[in-house]
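I need the structure of the sequence given here:
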Amino acid sequence: MDSIDIGPINKIEGHIEASGAKNSILLLLAATVLAKKHVIFSRVPKIKDVEKMCFLLNAIGIRTSYLSSDVLLIDPSDAKYADLTGYECQEVRTSILFLGGLLGRFGKAKLRTPGGCNLGKRPIDFHINAMRMMGAEINLEEGLIEATSLNRGDCVVDFPKSTVTGTANAILAAANRQGETHIHGAVLEPEIDDLIVFLGKIGVDIRRLGILIVVNGGVKADSVEHQVMGDRIEVGTYLIATAIIGGRLKVSGINPVTLAEVLRCLKQVGAQIMTDEDSIEIKMDQRPKALDIVTGAYPAFPTDLQPQWSVLSAISDGISSVQDQIYIHRTDHFEELNKMGAQCQLMTGGAIIKGVENLSGTTLVARSLRSAAAMALAGLKAQGITKILNISHLYR
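Presented below is the predicted three-dimensional model:
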């Protein structure tokens, strides 16, 4: 199915459980390249990117199988080195993590450069430079990366700019090398903390000191179990949906701290927010007020919720600006919202939005994962039927 029809609803009511985080399980799957015994992940989201990462694991002899709908068994006992040069790598951005994983496990890696959503320039220079700081020899060909020979002894990796997958790649490469690795400029994203917890379970001596992560290599031969953290982007999408449409929703299985900035913004636009240690409840009974947002690295407002928030801005009372400092080309949804009667004036990295009371259903084209989610929210609010084409993005 590559299109979907969505009609309006009057309100959202209910209680749901958060899924496991997409942005965490993809890092965790790459980390199983280092494991020596069985790994069981629970709360695994059934999404296309997970399937694609499992396919790449299978290519290096690591077997994957579901024990239940959201419990995934990883068996690395027959892991063997293989080049990952097929075009499957281009279908999922986190395939780049096999650079660090394969280097850490086998001392060499060759893979095709990755793809994912088209969000503008997302260079892999940080990944390559991190491996070089650990002594790796890197050879770059058209669309291919080849790396060999991590060195031994203490070393320092320094990231000049925020990079989630770059931080994860450096951690994976360091996790099995002899010596202490200091990773400076590491991101603060909770998905990296979930990776750190998992690596600790398989025996890696790893600790975070703010934006410094210290790794002493070594993996033990024990089977482990790990529950994937709740998906803060999925939960944020549901909370924003409730703020757009109105109603009351409780989401369990999520740490509210991971959404602190989003919750602050929701309160400012008029939502009532109640939290405890593992749940968030939202109540919305008014039209949202306009609010400017600027995305940034965690703990700032997440770029992965910018398109969804743009829908809220489109029907809010007043004029607001949406500015994305992470992916400045994440703007395709603004043009689609304008087809529905929204008033979004594009600017570099975002838009100035004059809120309207109503949107009108029409045919939209999704060009990325989060934009597809935003269009679904818009369809739930708009008068009439909204048809979204290229909806396959949403299943990622």
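
wait, isn't Q325 in contact with P302?
No - taking contacts as C-beta atoms under 8 Å, Q325 lies outside contact range of P302: 11.4 Å. Every residue, glycine included, has its C-beta placed from N, CA and C.

What is the neighbour count of I213?
By the measure other C-beta atoms under 10 Å, the count of residues near I213 is 24.

Quickly list what it is bridged to.
I183, R208 (DSSP bridges).

just to revisit the earlier point, which residues are common contacts for Q325 and P302?
T295 (C-beta atoms under 8 Å, 6 or more residues apart in numbering).

In terms of neighbours, single out the busier of these two.
A direct count of neighbours by other C-beta under 10 Å for Q325 and P302 places P302 higher, at 24 against 16.

And the pLDDT for that one?
pLDDT for P302: 97.

didn't it look like it was pressed against G236?
Yes - using C-beta under 8 Å, P302 is in contact with G236, at 7.0 Å.

joint contacts of these two?
In contact with both P302 and G236: V262, using C-beta under 8 Å, 6+ apart.

any chance you could map the strands in the stretch 101-250 of the chain?
108-112, 137-141, 144-148, 155-158, 180-184, 205-209, 212-216, 224-227, 247-252 (DSSP state E, counting those that start in this stretch).

As a markdown table, these with mean pLDDT and distance to V71 would be great.
Below are those laid out as a markdown table (pLDDT from 0 to 100; distance: least, C-beta to C-beta, whole Å):
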| stretch | mean pLDDT | distance to V71 |
| --- | --- | --- |
| strand 108-112 | 95 | 28 |
| strand 137-141 | 92 | 37 |
| strand 144-148 | 94 | 33 |
| strand 155-158 | 96 | 34 |
| strand 180-184 | 97 | 31 |
| strand 205-209 | 97 | 25 |
| strand 212-216 | 97 | 28 |
| strand 224-227 | 98 | 9 |
| strand 247-252 | 98 | 18 |
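
R63 is nearest to which of the ones you listed?
strand 224-227 (16.2 Å; C-beta to C-beta).

If you count contacts, what does that closest one end up packed against?
strand 39-42, helix 190-201 (3 or more C-beta pairs under 8 Å, 6 or more residues apart in numbering; DSSP states H and E).

Quick one: mean pLDDT for the last one?
Predicted confidence along helix 190-201 averages 98 (mean pLDDT).

Next, the buried residues of it.
For helix 190-201, a neighbour-count test (16 or more other C-beta atoms under 10 Å) marks P190, E191, I192, D194, L195, I196, F198, L199 as buried.

show me the contacts for the first one.
Listed by C-beta under 8 Å, 6+ apart, the contact set of P190 reads S24, M229, R232, N255, T258, Y298.

try 7 Å
P190 is in contact with M229, T258, counting by C-beta atoms under 7 Å, 6 or more residues apart in numbering.

Could you take the strands of the stretch 101-250 of the chain and lay them out as CSV, with extra columns for distance to I16?
Formatted as CSV, those follow (distance: least, C-beta to C-beta, whole Å):
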stretch, distance to I16
strand 108-112, 37
strand 137-141, 45
strand 144-148, 40
strand 155-158, 39
strand 180-184, 36
strand 205-209, 30
strand 212-216, 33
strand 224-227, 17
strand 247-252, 6
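
Just give me the neighbour total for the residue lying closest to L199 once chain neighbours are set aside.
Nearest residue to L199, sequence neighbours excluded (C-beta to C-beta, 6 or more residues apart in numbering): I206, at 5.3 Å. Look at I206: counted by other C-beta under 10 Å, it has 22 neighbours.

Touching, I206 and G218? I think so.
No - counting by C-beta atoms under 7 Å, I206 does not reach G218; the two are 10.0 Å apart.

I'd like to know how many residues surround G185.
There are 18 residues near G185, going by other C-beta under 10 Å.

Could you pull up the contacting residues of it?
D158, F159, P160, I211.

Buried among these? Need that as a selection in ChimeraX.
A single ChimeraX command suffices to select whichever of these are buried according to 16+ other C-beta under 10 Å:
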select :159
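
The nearest residue to I196 once chain neighbours are set aside and Y395: what is the separation?
The shortest distance from I196 to any non-neighbouring residue, by C-beta to C-beta, 6+ apart, is to I206 (5.4 Å). I206 is 33 Å from Y395, where distance means C-beta to C-beta, to the nearest Å.

cool, and H184?
To Y395, H184 is 37 Å away according to C-beta to C-beta.

so K52 touches C89, yeah?
No - between K52 and C89 no contact is recorded; they are 8.9 Å apart, counting by C-beta under 7 Å.

of the two, who's got more company?
C89 (24 against 19).

List the contacts of the more buried one.
S95, L111, R112, P114.

Out of those, which end up buried?
S95, L111, R112, P114.

From D5, how far off is T348?
In terms of C-beta to C-beta, T348 sits 34 Å off from D5.

correction: H15
On the measure of C-beta to C-beta, H15 and D5 end up 27 Å apart.

try S162
39 Å.

who has more neighbours, the two?
Ranked by neighbour count (other C-beta under 10 Å), S162 and D5 place S162 first, with 20 against 12.

quick one: pLDDT of the more buried one?
For S162, pLDDT reads 91.

Distance check, the nearest residue to it once chain neighbours are set aside against L359.
Closest residue in space to S162, ignoring its immediate chain neighbours: A297 at 4.0 Å, by C-beta to C-beta, 6+ apart. Using C-beta to C-beta, we find A297 at a distance of 31 Å from L359.

wait, what's in contact with the residue nearest to I196?
Taking C-beta under 7 Å, 6+ apart, one finds I196, L199, G200, I213, V215 in contact with I206.

which of the residues you listed sit farthest apart?
Maximum distance among the contacts of I206 (C-beta to C-beta): 12.0 Å, for G200 and I213.

related to what we said a few turns ago, so the residue nearest to S162 sits in a helix?
No - if the criterion is DSSP: H, G, I helix; E, B strand; the rest coil, then A297 is coil and not within a helix.

so it touches V164, yeah?
No - at 8.3 Å, A297 does not count as touching V164 under the criterion of C-beta under 7 Å.
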